[in-house]
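Participant: Requesting a structural model of the entry that follows:
(2 chains)
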Amino acid sequence: GAGVSQTPSNKVTEKGKYVELRCDPISGHTALYWYRQSLGQGPEFLIYFQGTGAADDSGLPNDRFFAVRPEGSVSTLKIQRTERGDSAVYLCASSSGGPNEQYFGPGTRLTVT
Amino acid sequence: AQKITQTQPGMFVQEKEAVTLDCTYDTSDQSYGLFWYKQPSSGEMIFLIYQGSYDEQNATEGRYSLNFQKARKSANLVISASQLGDSAMYFCAMRENQGGSEKLVFGKGTKLTVNP
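Facilitator: Model prediction:
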């Protein structure tokens, strides 16, 4: 079956602009996660959805970052007033919840110039 | 405090040999899960193996096995019969089963290079 998909694969934006990153989880997966991976580092947790609600948003770095999952499937990560330090690969993952493994998408590489 | 420590930034192994990638973790939870992921140069994170904290036996998945030593808080990945396609970054991760969050905490990774 289809895996986790993310669009766009690459996004270049200017400092101060607004961006949206989209994640399509594996069909039927109730849990969805966003991570951010900077160069040479492991992924860092941003936010976790169980269904439509954000069950844990403790990883969002500040209020410029926001994510939604209005129908419990597709999720959008929104970044306002982008800064150069936001440049990273944004990874989305989904799982059927509980102890099961998380399946990752290919990521969106965000570059803020 | 760092929760996942991978002390080997890079490792080299000859094709067909076995290699061990180290991972130590820090948690006060009794219930937790440990994961290993592979990240090739293409960037996608590929799940390899999982070990639950209450699992009595070490997890195995094909050529991958997890050497779980609970008292030492280590969860090393063993890859047997290395192949050229195993060259990639390898990340150890932990999920703590507290507070209802299922987030993974990752180490900094180990870059494995398999030489022909």
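Participant: got the CA coordinates for stretch A:69-77 in PDB?
Facilitator: C-alpha atoms of stretch A:69-77 as PDB (Å, rounded to 0.1, in the frame of the first residue of the first chain):
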ATOM      1  CA  ARG A  69      -5.200  17.800  11.200                       C
ATOM      2  CA  PRO A  70      -8.900  18.800  10.700                       C
ATOM      3  CA  GLU A  71     -10.300  15.500   9.500                       C
ATOM      4  CA  GLY A  72      -7.900  13.100  11.200                       C
ATOM      5  CA  SER A  73      -6.000  12.300   8.100                       C
ATOM      6  CA  VAL A  74      -3.900  14.900   6.200                       C
ATOM      7  CA  SER A  75      -1.900  17.300   8.300                       C
ATOM      8  CA  THR A  76      -0.400  20.700   7.500                       C
ATOM      9  CA  LEU A  77       2.500  22.200   9.400                       C
END
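Participant: And for it, what's in contact with it?
Facilitator: Contacts to stretch A:69-77, defined as C-beta atoms under 8 Å, 6 or more residues apart in numbering or on different chains, come from residues A:20-25, A:27, A:30, A:32, A:34, A:46-47, A:49, A:51-54, A:65-68, A:90, A:92. Bear in mind the C-beta positions are built from the backbone N, C-alpha and C, glycine included.
Participant: For it, which residues meet the burial criterion?
Facilitator: A:69, A:73, A:75, A:77 (16 or more other C-beta atoms under 10 Å in any protein chain shown).
Participant: ok, residue A:95 - how many residues close by?
Facilitator: Counted with other C-beta atoms under 10 Å in any protein chain shown, residues neighbouring residue A:95 total 22.
Participant: For the buried residues of stretch A:69-77, give me JSON lines that also has pLDDT.
Facilitator: What follows is these, written out as JSON lines (pLDDT from 0 to 100):
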{"residue": "A:69", "pLDDT": "96"}
{"residue": "A:73", "pLDDT": "94"}
{"residue": "A:75", "pLDDT": "98"}
{"residue": "A:77", "pLDDT": "98"}
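Participant: Kindly reformat those residues as a markdown table containing distance to residue B:29 and secondary structure.
Facilitator: Shown next, in a markdown table, are the buried residues of stretch A:69-77 (distance: C-beta to C-beta, whole Å; DSSP: H, G, I helix; E, B strand; the rest coil):
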| residue | distance to residue B:29 | secondary structure |
| --- | --- | --- |
| A:69 | 27 | coil |
| A:73 | 31 | coil |
| A:75 | 27 | strand |
| A:77 | 28 | strand |
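Participant: which stretches of chain B aren't confidently modelled?
Facilitator: Filtered on pLDDT under 70, chain B yields the residue ranges B:1-2, B:98-100.
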